[in-house]
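Asker: make a model of this:
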Amino acid sequence: MTIRQAQKEDVISIVAMLADDELGRLREDFRKPLPESYYQAFQTIYEDPHQSLMVMEKEGQVIGTLQLTLIPYLTYQGGIRAQIEAVRIHKDYRGQGIGEQLFRWAIAEAQRKGAHLIQLTTDKKRPDALRFYEKLGFKASHEGMKLHF
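Answerer: Residues are numbered from 1 along each chain as shown. Down below sits the predicted model:
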């Protein structure tokens, strides 16, 4: 298995994984061809040096993805905070340690790039994900809030 930067050709596989659960089906528009908005978002992410959209590939098939964002800020004496988003593992490969491998890569990459912490959010409707993150050492230390437009 290989972890590599996502390419434009991977977008359809990534969106398929994002849409392949109860919550994802409500917010994604997975159809062929994909709406152009996905490719525009990919290009923006790809060109941003603070973003890493990664895929895990096995025998030429994309089986996992996550996005790592580095957030420079003044707090922590001009520190860097890393944010993990959009984690998905293909349904046929869940429970095989692939998510843990992706997270180990993200944690190491964030440290390599000078981040002093790594954070994520998870929907409260995903208790399995919460347990997975806790197993990796993440702590529910803050209360997250969102304002949708």
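Asker: check the separation of the first and last residues in stretch 131-147.
Answerer: Stretch 131-147 has its terminal residues 25 Å apart, counting by CA to CA, to the nearest Å.
Asker: which helices and strands does the helix or strand encompassing residue 45 pack with?
Answerer: Assigned by DSSP states H and E, residue 45 belongs to helix 36-47. Contact partners of helix 36-47 among helices and strands, from 3 or more CB pairs under 8 Å, 6 or more residues apart in numbering; DSSP states H and E: helix 11-18, strand 51-58. Where C-beta positions appear, they are placed from N, C-alpha and C, glycine not excepted.
Asker: could you dump the first one to PDB, C-alpha only?
Answerer: What it means is helix 11-18. Extracted in PDB, the C-alpha atoms of helix 11-18 (Å, rounded to 0.1, in the frame of the first residue of the first chain):
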ATOM      1  CA  VAL A  11     -11.200  13.000  -7.300                       C
ATOM      2  CA  ILE A  12     -14.000  10.600  -8.400                       C
ATOM      3  CA  SER A  13     -12.800   7.800  -6.100                       C
ATOM      4  CA  ILE A  14     -12.400  10.300  -3.200                       C
ATOM      5  CA  VAL A  15     -15.900  11.700  -3.700                       C
ATOM      6  CA  ALA A  16     -17.300   8.200  -4.000                       C
ATOM      7  CA  MET A  17     -15.900   7.400  -0.500                       C
ATOM      8  CA  LEU A  18     -17.100  10.700   0.900                       C
END
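Asker: find the centremost residue of the chain, please.
Answerer: Taking CA atoms, centre = their mean as the criterion, residue 66 is the residue nearest the geometric centre of the chain, at 2.5 Å.
Asker: for this structure, where's the lowest mean pLDDT among helices and strands?
Answerer: helix 22-27 (a mean of 86; mean pLDDT, DSSP states H and E).
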